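In: just a sequence and a predicted model for now, questions to come.
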Amino acid sequence: MSSAIQVEDLYVSYHGNTALKDVTFSLEAGNLLGIIGPNGAGKSTLIKALLQLIPRDKGQVTFLDKTVKEIRKQVAYVPQRNDIDWDFPITVLETVLLGTYPKIGMFKRPKKNDKEWAYECLKEVGMEQFYKRQIGELSGGQQQRVFLARALAQKAELFFLDEPFVGVDLGSEETIINILKRLSNQGKTVTVVHHDLSKAENYFNKLLLINRELIGFGSVNEVFRPEIMAKAYKGQFAFMKEIGVSV
């Protein structure tokens, strides 16, 4: 079976300082992958480098045996909330409609069926009643659900989410993870930058552990082990004990 995501020898640096080095892994379609690691480990850098949102120093990345440029329409990305201009004058429904643009084209007006599809995506995340609201009027959890709806509207094969659970309420978090699991069960490939280790075992079926370089990659049982986690978190033993990892 061909890989949904294939990464070979990836290196990334900022102003001459190494951010990621020698990252190599292969992920098959239908997996729900959590990217974990300590603060400053390069989790967000990795996802942005995969999508060519930042330059790579070296390395090869393919999605379904194609380059990012070749398969861009099939890749949906949900950035961190602090990367979004919440004051931009756009409604909830208009935000979700943006997810249809890769298919219909940037300079074509959405048709009735596109608007109906966007509304259906809002219903899936439980936000249809807010469709006329300006996005800045929503709570953090509501905003994150709207941007997930935008990703759903794209009808993508690969989904990348950068810290989707930060600053959201428990109800929104449950809604989001249930949708991500459903996408995975449908054969879609979902990659999530995640910081809360206490939920990693319940949320993902694969984990990628980094601290500027790849420390562990595989099933949750293979990666979520004391000797593997300690390599990434090093001296943070008290923190690891708090989340139930015996060291």
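Out: Alright, I've got the coordinates. Everything numeric here is computed off the predicted structure, so don't read it as measured data.
In: run the chain-centre distance for stretch 190-199.
Out: How far stretch 190-199 lies from its chain's middle: 9 Å, per CA atoms, centre = their mean, to the nearest Å.
In: span of it from start to end?
Out: Stretch 190-199 has its terminal residues 16 Å apart, counting by CA to CA, to the nearest Å.
In: all numbers from here: first residue = 48
Out: All right, first residue 48 from here; so that's stretch 237-246.
In: could you list the buried residues of that stretch?
Out: The neighbour-count check on stretch 237-246 (16 or more other CB atoms under 10 Å) flags 237-242, 244 as buried. C-beta here means a position set from N, CA and C on the backbone, and glycine is covered the same way.
In: same question, stretch 52-66
Out: 52-54, 57-59, 66.
In: farthest-apart pair in these, please.
Out: Spatial extent of those (CB to CB) is set by the pair Q53 and A66 at 20.5 Å.
In: of the buried residues of stretch 52-66, just say which sits nearest to L217.
Out: For the buried residues of stretch 52-66, the residue nearest L217 by CB to CB is I52; the value is 29.8 Å.
In: name the element that closest one belongs to?
Out: Element membership for I52, per DSSP states H and E: strand 50-61.
In: what about I275, neighbour count?
Out: Applying other CB atoms under 10 Å, we find 18 residues neighbouring I275.
In: surely it is in a helix?
Out: Yes. Applying DSSP: H, G, I helix; E, B strand; the rest coil, one finds I275 inside a helix.
In: sec struct for the nearest residue to it once chain neighbours are set aside, please.
Out: Take I275 and drop its neighbours on the chain: the residue closest to it by CB to CB, 6 or more residues apart in numbering is G263, 4.5 Å away. The three-state label given to G263 by three-state DSSP is strand.
In: residues touching G263, list them.
Out: G263 sits next to 254-256, 269-270, 275-276, 278-279 when contact means CB atoms under 8 Å, 6 or more residues apart in numbering.
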